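> A structural model of the following input is requested.
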Amino acid sequence: MKKLLIAALLSMTSLSALAETIYITAVEHIDLGSSSAGSGAMIGGVTGAVAGDSWGDIAVGVIGGAIVGDVVSDSRDGVKISIEYLDGRQRVVIQDGNIKNFRLGTAELEEIHHGSSVKLEIRPNRR
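Predicted coordinates:
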């Protein structure tokens, strides 16, 4: 009974199971999140169609909606990190973060287990 309870509790919590030394071979800034320009264009087009009565009104609505959607896009900073394990295997990890927090060289790769899913995260190596 005690083992079953412990196993149930462990599966509900986030645990750091492994921190492994790796070598960062490349770091690239990327934008994470989805842009709402497409939905802005659709809403603008519908608004243009309702408000106006010509194809020009619809086109103006689509263009305006795309511009507004692009301005209020939901993006955040991320990094694309190419790594090499000590045994020579290579992998790319994409995660939230700022490129200024990472440099080429030795770092730690953390494997985070949460239930049945596993997330890889590289700890910043620039202080």
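> okay, CA-based contacts and neighbour counts for the rest of this
Will do.
> contacting residues for Gln22?
Small correction: residue 22 is Ile, not Gln. By Cα atoms under 8 Å, 6 or more residues apart in numbering, the contact list for Ile22 reads 83-86, 106-109.
> ok, Leu18 next?
So Leu18 contacts 109-112 (Cα under 8 Å, 6+ apart).
> which of these tops the neighbour count?
In terms of neighbours by other Cα atoms under 10 Å, the contacts of Leu18 top out with Leu109 at 21 neighbours.
> that one against Glu20, yeah?
Yes - counting by Cα atoms under 8 Å, Leu109 does reach Glu20; the two are 5.1 Å apart.
> what is the nearest of the contacts of Leu18 to Val93?
Leu109 (9.6 Å; Cα to Cα).
> show the pLDDT at the closest one.
Leu109 carries a pLDDT value of 94.
> if it is in a bridge, with which residues?
Glu20, Ile122 (DSSP bridges).
> hey, what's Arg76 bridged with?
Bridge pairing for Arg76 - DSSP bridges - gives Leu32.
> who are the contact partners of it?
Here Arg76 is in contact with 31-33, 96 (Cα under 8 Å, 6+ apart).
> that one and Ser117, how far apart?
23 Å (Cα to Cα, to the nearest Å).
> can you check Arg123 too?
19 Å.
> in the protein, which spans are strands?
Along the chain, counting by DSSP state E, strands occupy 14-32, 76-85, 90-96, 105-114, 117-122.
> residues contacting Thr21?
85-86, 106-109.
> if I look at the residue nearest to Ala26 when sequence neighbours are not counted, how far off is His29?
Closest residue to Ala26 apart from its sequence neighbours, by Cα to Cα, 6 or more residues apart in numbering: Ser82 at 5.0 Å. For Ser82, the distance to His29 (Cα to Cα) stands at 12 Å.
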